[in-house]
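Enquirer: Okay, here's the prediction I keep looking at, along with the sequence it came from:
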Amino acid sequence: MNMSDHPATRRSVLTGAAALAAAGFVPSPAWAGSDDGRPRTRLTLLGSTDLHGHVFNWDYYKNTEYDDPAHNDVGVAKVATLIDAMREQRRGEPLLTLDAGDTIQGTPLAQYYAVVDPISRTNVHPMANAMNLMGYDAAALGNHEFNYGVPLLRTFQSQVNFPLLGANAVDPATKLPVFPPYLIRHFRPADGPRLTVGVLGLTNPGIAIWDKANVTGKVEFPGLVEQATVFVPELKQKGCDVVVIVAHSGMDTSSSYGDALPYPENASTLVAQQVPDVDAILVGHAHVDIPERFVENEQTGRRVLLCEPDYWGMRLAVMDLNLELRRGRWAVASSSSQNLNSNTVGERPDVAAAVRRQHQTVIDYVNSPIGTCTEELSAARAVVEDVPVIDFINYVQADAVKAATGTSLPMLSIAAPFNRSATFPAGQVTLRDVAGLYIYDNTLLGIQITGAQVRDYLEYDMAYFQQVSGAGPFSMDQVTNAVTPTAPNGTPDYNFDTIAGLDAPLSYDIDIAQPVGFRIKNLQYAGAPVADDQQFLMAINNYRQSGGGGFPHVATAPVVYNRQVAITQLLIDWVTANKVIDPAQFASADWRLVSNGQPITVT
């Protein structure tokens with residue numbers, strides 16, 4: 001696409017009211033309320049979430065402006081323009097700007113300043129540079145805030161001009177929050193007495209699983225409902241007229257970790273239903289666009305407003321709480337919300353300028369050549385066939401664990417297709433090509449596992465596929481990303497693992513005509529059936545080993561290797577040291593999709 005034809009480019013000059021109109025803003029008059037003479041005002045909440053290190057509308061893995069089929073734009077530099085326009089539109093009215101977490105991980109920009117050139121007293125995180133200028137009032141802790149360890153998170157906390165809230169991130173001994181649980185802000189409306197607003201921050205209990213190595217013995221994570229039940233009454237006792245929750249936890253109740261924890265991963269709706277006196281919830285974590293949803297509280301019958309503004313800065317939430325004075329206290333009379341689209345506006349110049357140097361440093365870094373590839377290797381079909389580029393991940397992981405342990409046991413490895421658009425080009429390979437294949441900040445472990453456990457793991461894994469029969473042809477969408485009770489929006493690609501052997505093939509058929517639990521056929525290692533008591537070592541990432549996805553056996557399997565080595569860096573180091581990526585060294589077709597034993601065609 002010619003970038004002059006990109007929607008964001010065509011509309012990038014818009015500001016103020018014109019920008020809001022283009023972004024889809026539906027203006028509402030100042031809150032008029034009823035005709036009973038009561039004082040009234042309107043509280044506006046502006047919200048972002050799951051920014052994941054996106055300041056600019058830039059794809060570091062493709063080295064070009066970000067674009068997707070819907071022509072969304074990303075980055076807080078654009079969100080800042082919408083925030084300014086809304087502040088101007090609501091000048092003189094009570095307003096808060098909030099974020100629902102997952103801020104410091106997710107792009108090479110964020111990874112560079114966590115790992116390559118870590119933030120310090122004099123080296124400020126790019127997200128802190130941007131968000132401080134934008135005037136956020138508070139942000140909830142996301143689960144990815146803990147990816148780089150608590151010390152780096154504390155450094156980031158010291159760099160931002162707003163509190164990072166986490167009422168359910170508690171000290172293991174005292175059970176008291178180790179981050180501020182809430183923020184209380186006071187406003188003086190034009191009509192009536194002082195308005196007091198409490199903002200409670202809640203994060204995701206899954207951190208205890210996903211970042212176990214970083215938080216064990218340091219931070220515990222009780223449930224959202226459990227902690228809201230404690231702190232919402234406290235906020236009311238402190239005189240809060242309105243209570244808003246910023247929750248890094250999706251609306252649709254589910255848990256990727258099954259019953260491994262007593263607290264659900266996505267619990268925002270439960271909080272609205274079960275905890276009285278909550279007026280609104282800014283939702284994050286699920287990466288979905290939900291402009292407005294109301295949930296009735298089971299005890300009071302009051303409606304609670306929930307809104308989730310997508311992710312990466314694609315949207316800005318605008319939540320309006322219309323207040324009137326009742327018995328001397330402000331109360332919510334009605335509410336509404338909408339999400340504004342950031343692809344209609346340009347970057348706020350000072351926000352972009354504040355991070356431009358760091359941005360260019362990372363562009364130069366990720367585009368540095370580190371090796372060559374003998375042929376193009378693509379991940380596009382990695383969810384329906386055994387492709388060499390995923391074999392490459394498994395090969396490097398398994399080889400690293402074997403070299404470190406000196407094991408004589410058969411060596412296996414698991415890998416998932418994190419980024420279907422990843423490609424190693426034929427010829428020169430840059431650091432961004434390799435980093436684009438493995439986009440999460442996972443570390444490598446090695447565990448000991450039996451043949452029976454390998455089969456159980458694969459059977460659980462194959463819930464990723466929809467049940468279909470016949471030879472096809474099928475489209476990829478017809479066979480992948482199955483909806484399950486724990487994945488109501490479809491099983492994500494990152495929860496589809498393939499297992500490969502290092503010194504000999506681990507081969508198997510996946511029969512998707514069969515129900516889940518009966519899909520693995522002809523499971524063999526080195527050409528012989530896998531025995532239930534056969535012993536293996538398996539290279540695995542920390543997210544999976546600690547329970548992410550709820551896969552069986554791995555969380556309790558003996559750990560034989562854990563040096564906290566980042567897998568992305570391991571892949572980069574391998575290419576840098578070996579210079580040439582040749583699929584003849586590691587590629588083999590060891591699994592296939594079948595229907596009632598016959599191969600199927602997926603277009």
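Expert: Okay, I see it.
Enquirer: dump the residue contacts of the spatially closest residue to Asn204 that is not a sequence neighbour.
Expert: Nearest residue to Asn204, sequence neighbours excluded (Cβ to Cβ, 6 or more residues apart in numbering): Asn143, at 4.4 Å. C-beta here means a position set from N, CA and C on the backbone, and glycine is covered the same way. With contact taken as Cβ atoms under 8 Å, 6 or more residues apart in numbering, Asn143 is in contact with 101-102, 203-204, 206-207, 210-211, 248, 285.
Enquirer: Mind doing that once more with 7 Å?
Expert: 102, 203-204, 206-207, 210, 248 (Cβ atoms under 7 Å, 6 or more residues apart in numbering).
Enquirer: ditto for Tyr508
Expert: Contacts of Tyr508 (Cβ under 7 Å, 6+ apart): 458, 520-523, 591.
Enquirer: Take the contacts of Asn143 and lay them out in TSV including pLDDT.
Expert: Compiled in TSV, these are given as follows (pLDDT from 0 to 100):
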residue	pLDDT
Asp102	96
Thr203	98
Asn204	96
Gly206	92
Ile207	94
Trp210	87
His248	98
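Enquirer: I'd like those written out as TSV, with secondary structure, distance to Val278 and neighbour count added.
Expert: Below are those laid out as TSV (DSSP: H, G, I helix; E, B strand; the rest coil; distance: Cβ to Cβ, whole Å; neighbours: other Cβ atoms under 10 Å):
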residue	secondary structure	distance to Val278	neighbour count
Asp102	coil	22	28
Thr203	coil	16	32
Asn204	coil	18	33
Gly206	coil	22	26
Ile207	helix	22	25
Trp210	helix	26	25
His248	coil	16	32
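Enquirer: Dump those into a markdown table; add distance to Ala403 as well.
Expert: Formatted as a markdown table, these follow (distance: Cβ to Cβ, whole Å):
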| residue | distance to Ala403 |
| --- | --- |
| Asp102 | 34 |
| Thr203 | 37 |
| Asn204 | 35 |
| Gly206 | 32 |
| Ile207 | 31 |
| Trp210 | 27 |
| His248 | 38 |
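Enquirer: Quick check: of those residues, which lies closest to Arg40?
Expert: Relative to Arg40, the closest of the contacts of Asn143 is His248; by Cβ to Cβ it sits at 32.1 Å.
Enquirer: can I assume that closest one is in contact with Asn204?
Expert: Yes: when contacts are counted by Cβ atoms under 7 Å, His248 is listed as touching Asn204 (5.2 Å).
Enquirer: where do the contact lists of these two overlap?
Expert: With Cβ under 7 Å, 6+ apart as the test, His248 and Asn204 both reach 143, 285.
Enquirer: Quick check: the closest residue to Asp73 other than its chain neighbours vs Ala138, distance?
Expert: Spatially, and ignoring its direct neighbours in sequence, Asp73 is nearest to Asn343 (3.7 Å; Cβ to Cβ, 6+ apart). Note on Asn343: its distance to Ala138, by Cβ to Cβ, to the nearest Å, is 26 Å.
Enquirer: quick one, which of these two is more surrounded?
Expert: Shown here are Asn343 and Ala138; by other Cβ atoms under 10 Å, Asn343 has more neighbours (25 against 22).
Enquirer: thinking that one is in contact with His71, fair?
Expert: Yes: counting by Cβ under 7 Å, His71 is a contact partner of Asn343 at 6.0 Å.
Enquirer: What ranges does the stretch 401-550 of the chain have for its helices?
Expert: 431-437, 451-461, 476-479, 542-545 (DSSP state H, counting those that start in this stretch).
Enquirer: Let me see the ranges of the helices in the stretch 201-350 of the chain.
Expert: 207-210, 212-215, 224-237, 268-274, 349-366.
Enquirer: Give the rounded mean pLDDT of the last one.
Expert: Confidence over helix 349-366 (mean pLDDT, whole number) is 97.
Enquirer: who's in contact with it?
Expert: Counting by Cβ under 7 Å, 6+ apart, 55-56, 60, 76-77, 80, 108-109, 112-113, 116, 126, 129-130, 133-134, 430-432, 435 sit against helix 349-366.
Enquirer: from these, which ones fall inside strands?
Expert: Using DSSP state E, the subset of those located in strands is Thr430.
Enquirer: of the contacts of helix 349-366, buried ones?
Expert: 55-56, 60, 76-77, 80, 108-109, 112-113, 126, 129-130, 133-134, 430-432, 435 (16 or more other Cβ atoms under 10 Å).
Enquirer: So which of those residues are in helices?
Expert: The helices, defined by DSSP state H, take in 76-77, 80, 108-109, 126, 129-130, 133-134, 431-432, 435 from those.
Enquirer: and the helices of the stretch 401-550 of the chain as CSV, adding distance to Ala21?
Expert: Converted to CSV, the helices of the stretch 401-550 of the chain look like this (distance: least, Cβ to Cβ, whole Å):
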stretch, distance to Ala21
helix 431-437, 36
helix 451-461, 47
helix 476-479, 35
helix 542-545, 42
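Enquirer: of all these, which lies closest to Leu270?
Expert: helix 542-545 (24.2 Å).
Enquirer: who does the next helix or strand after that closest one pair up with?
Expert: Using DSSP states H and E, the next helix or strand after helix 542-545 towards the C-terminus is strand 559-566. Strand pairing for strand 559-566, determined by DSSP bridges: strand 443-450 (antiparallel).
Enquirer: who touches the partner strand?
Expert: 397, 400-401, 405, 532-542, 545, 553-554, 557-562, 564-567, 570.
Enquirer: Next: stretch 281-292.
Expert: 45, 47, 49-50, 98, 100-102, 140, 142, 204, 245-251, 266, 268, 271-272, 304, 306-308, 310-311, 315, 317, 319, 336-339, 489.
Enquirer: my read: Phe56 touches Gly75, true?
Expert: Yes: using Cβ under 7 Å, Phe56 is in contact with Gly75, at 4.8 Å.
Enquirer: Find residues that contact each of the two.
Expert: With Cβ under 7 Å, 6+ apart, Phe56 and Gly75 have no common neighbours.
Enquirer: Ala70 versus the closest residue to Leu20 other than its chain neighbours, what's the distance?
Expert: Spatial nearest neighbour of Leu20, chain neighbours left out: Ala85 (5.0 Å); criterion: Cβ to Cβ, 6+ apart. From Ala85 across to Ala70, the span is 22 Å (Cβ to Cβ).
Enquirer: which of those two has more neighbours?
Expert: The neighbour count for Ala85 versus Ala70, taken as other Cβ under 10 Å, is higher for Ala85 (23 against 10).
Enquirer: elements contacting the helix or strand containing that one?
Expert: Assigned by DSSP H and E, Ala85 belongs to helix 76-89. Of the remaining helices and strands, those touching helix 76-89 by 3 or more Cβ pairs under 7 Å, 6 or more residues apart in numbering; DSSP states H and E are helix 16-22, strand 40-48, helix 126-134, strand 315-326, helix 349-366.
Enquirer: If anything else comes up later, I'll come back, but that's it for now.
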